[in-house]
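Novice: quick one, what's the 3D model for this:
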Amino acid sequence: MPASPAVLPSAAPAGAFDLEVQAVRKRYGAFAAVDDLSFGVRSGSFFSILGPSGCGKTTLLRMVAGFIAPDAGDIRIKGASMHGVSPNRRPVNMVFQHLALFPMMTVGENIAYGLERRGMKGAAAKARVTDMLRRVGLPGSEDKRIDQLSGGQKQRVAIARSLVLEPALLLLDEPLGALDLKLREHMKVELKQLQAEVGTTFVYITHDQSEALVMSDQVAVMNHGRFEQLGTPQQLYYQPQTAFVAGFVGHNNRFEGTVDTRNGDQVLLRTASGLALWAQRVGAVEVGQPASLFIRPEAIEIGRSPRELPAGDPAWSATVQAVLFDGGNSTVQVQETRTATPLHIALPLTGRLADLKAGETVHFAYQPAQAWCFKA
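Specialist: As a prediction, the model looks like this:
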């Protein structure tokens, strides 16, 4: 089962949260899209909701925007309940994956559209558009056509169109999903810098862990309508609290087995093939219970000789199955010699083992403090 839903810190000062979600539920028949969820998003922060397709993140975002009404609970923005408040009257704006810019309008006209709908025209609207284009890094682009812009520039225009209305929250629904890989990597940095520049609270949903980890102050990992864990990117990566978070955030070697021994905060997991692995105990993991153990590829030391490994760490030998070259993220796929257990190990960034070949024997070790064991 997922962890308990995140709750609002009781000691938080008044006005600390731009968004408060309080015991919100949304069901479609027997399916709980959002299941009794409570959390807060601090003012001026970049908050991401990370999860697989179908976990409920889009439903949650659409409830915040007002497009869907919750079955129970309350959503508060800047301290005010949004119960019964229509989408056009909420102090939020939304950027979708498909940007929906008006192709017949110039960049300036696209950004001014919302201002004109609110009655602001002429010099005041023009000044606001000029300032917003400067802030998103597109000064002097007012008269450009939308088809003259690159994908990244279109993204910034869509964000500028939303931010020019000065919303309390900017909601972003997987806005980088339609971009190519290189542009997506570039836009992650730009979005983070833009949010810091404008100071507006961003609520961002994605299934891409890299986007969430790179850009966010806080990340909530969502699964089956609930938050498995809410914390900083570093906390999610280095201190996962559930097996789902350990498996979903970052790359991991996963082993299933039974807890054989417990020694304080560490346990020994024995797999069906006979591999015995020590790891940090997370939660109620006791001797005799089935459990899952996770070790990140970069937490494993590898060498051609045991002498190349840290002294004192348990060591194993393995046969290289394949070298998977991906620049700085290159890994080697090996098979542990005695049990034929497969695993992935990150290659050193120094290039020391760049010449490894399939069929070679290598040795590996890891520190138990860098592995986690959860009750299955």
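
Novice: quick one: secondary structure of the closest residue to residue 121 other than its chain neighbours?
Specialist: Of all residues not flanking residue 121 in the chain, residue 115 sits nearest, at 7.6 Å (CB to CB, 6 or more residues apart in numbering). (C-beta placed from N, C-alpha, C; glycine too.) Using DSSP: H, G, I helix; E, B strand; the rest coil, the secondary structure recorded for residue 115 is helix.

Novice: just for the stretch 151-300 of the chain, where's the confidence low?
Specialist: Across the stretch 151-300 of the chain, residues meeting the criterion (pLDDT under 70) sit at 178.

Novice: circling back to that earlier point, wait, the residue nearest to residue 121 sits on residue 162?
Specialist: No - the pair residue 115 and residue 162 fails to qualify as a contact (CB atoms under 8 Å) at a distance of 11.7 Å.

Novice: can you tell me how far residue 71 is from residue 77?
Specialist: When distances are taken as CB to CB, to the nearest Å, residue 71 and residue 77 turn out to be 19 Å apart.

Novice: and these two? which has more neighbours close in?
Specialist: Residue environment comparison for residue 71 versus residue 77 gives the larger neighbour count to residue 77, 22 against 14, counting by other CB atoms under 10 Å.

Novice: measure that one to residue 270 for me?
Specialist: Taking CB to CB as the criterion, residue 77 is separated from residue 270 by 51 Å.

Novice: now do residue 367
Specialist: Using CB to CB, one gets 19 Å for the distance from residue 367 to residue 270.

Novice: show me where the protein has its helices.
Specialist: In chain order, the chain shows helices spanning 57-65, 107-117, 122-135, 151-163, 181-198, 209-215, 233-238, 243-248, with DSSP state H as the criterion.

Novice: go through the third one and flag the buried ones.
Specialist: Going back to what we said before, that points to helix 122-135. 125, 128, 129, 130, 132, 133, 135 (16 or more other CB atoms under 10 Å).

Novice: packing partners of it?
Specialist: Using 3 or more CB pairs under 8 Å, 6 or more residues apart in numbering; DSSP states H and E as the contact criterion, the neighbours of helix 122-135 among helices and strands are helix 107-117, helix 151-163, helix 181-198.

Novice: TSV for those, including distance to residue 316?
Specialist: As requested, the helices and strands packed on helix 122-135 are arranged in TSV below (distance: least, CB to CB, whole Å):
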stretch	distance to residue 316
helix 107-117	59
helix 151-163	46
helix 181-198	35
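
Novice: count the residues that sit near the nearest residue to residue 242 once chain neighbours are set aside.
Specialist: Taking CB to CB, 6+ apart, and ignoring the residues beside it in sequence, residue 242 has residue 228 as its nearest neighbour in space, at 4.8 Å. Here the count is done by other CB under 10 Å, and residue 228 has 28 residues near it.

Novice: same check, this time on residue 72
Specialist: Other residues near residue 72 come to 12 when the count uses other CB under 10 Å.

Novice: next up, the contacts around the nearest residue to it once chain neighbours are set aside.
Specialist: The shortest distance from residue 72 to any residue other than its chain neighbours is 4.4 Å, reached at residue 25 (CB to CB, 6+ apart). For residue 25, the residues meeting the contact criterion (CB atoms under 8 Å, 6 or more residues apart in numbering) are 32, 34, 35, 36, 37, 70, 71, 72, 73.

Novice: counting neighbours, which of the residues you listed comes out on top?
Specialist: Taking other CB under 10 Å as the neighbour criterion, residue 34 ranks highest of those with 26 neighbours.

Novice: got a pLDDT number for that residue?
Specialist: As predicted, residue 34 sits at a pLDDT of 97.

Novice: in contact with it, which residues?
Specialist: When contacts are counted by CB under 8 Å, 6+ apart, residue 34 is found next to 24, 25, 26, 56, 59, 60, 63, 70, 225.

Novice: distance to residue 144 added to these, as CSV?
Specialist: Below are the contacts of residue 34 laid out as CSV (distance: CB to CB, whole Å):
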residue, distance to residue 144
24, 41
25, 45
26, 41
56, 39
59, 36
60, 35
63, 36
70, 41
225, 43
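
Novice: the nearest residue to residue 348 once chain neighbours are set aside and residue 367, how far apart?
Specialist: With CB to CB, 6+ apart as the criterion, residue 348 has its nearest non-adjacent residue at 7.6 Å, and that residue is residue 302. Computed with CB to CB, the distance linking residue 302 and residue 367 is 14 Å.

Novice: just residue 299 next, same as before
Specialist: When distance is defined by CB to CB, residue 299 is 7 Å away from residue 367.

Novice: what is the burial count for residue 204?
Specialist: Residue 204 has 26 neighbouring residues, counting by other CB under 10 Å.

Novice: my read is that it contacts residue 217, right?
Specialist: No - applying CB under 8 Å, one finds residue 204 not in contact with residue 217, separated by 10.8 Å.

Novice: any shared contact partners between these two?
Specialist: Looking at what touches both residue 204 and residue 217 (by CB under 8 Å, 6+ apart), the common residues are 46, 47.

Novice: what's the neighbour count on residue 256?
Specialist: Number of residues near residue 256 (other CB under 10 Å) recorded here: 12.

Novice: the closest residue to it other than its chain neighbours: what's it in contact with?
Specialist: The spatial neighbour of residue 256 that comes closest, neighbours along the chain excluded (CB to CB, 6+ apart), is residue 292 at 5.7 Å. Residue 292 makes contact with 243, 246, 254, 255, 256, 373, 374, 376 under the criterion CB under 8 Å, 6+ apart.

Novice: from these, which land in strands?
Specialist: Among the contacts of residue 292, the subset assigned to strands under DSSP state E consists of 254, 255, 256, 373, 374.

Novice: give me every residue that touches residue 330.
Specialist: Residue 330 makes contact with 323, 324, 346, 347, 354 under the criterion CB under 8 Å, 6+ apart.
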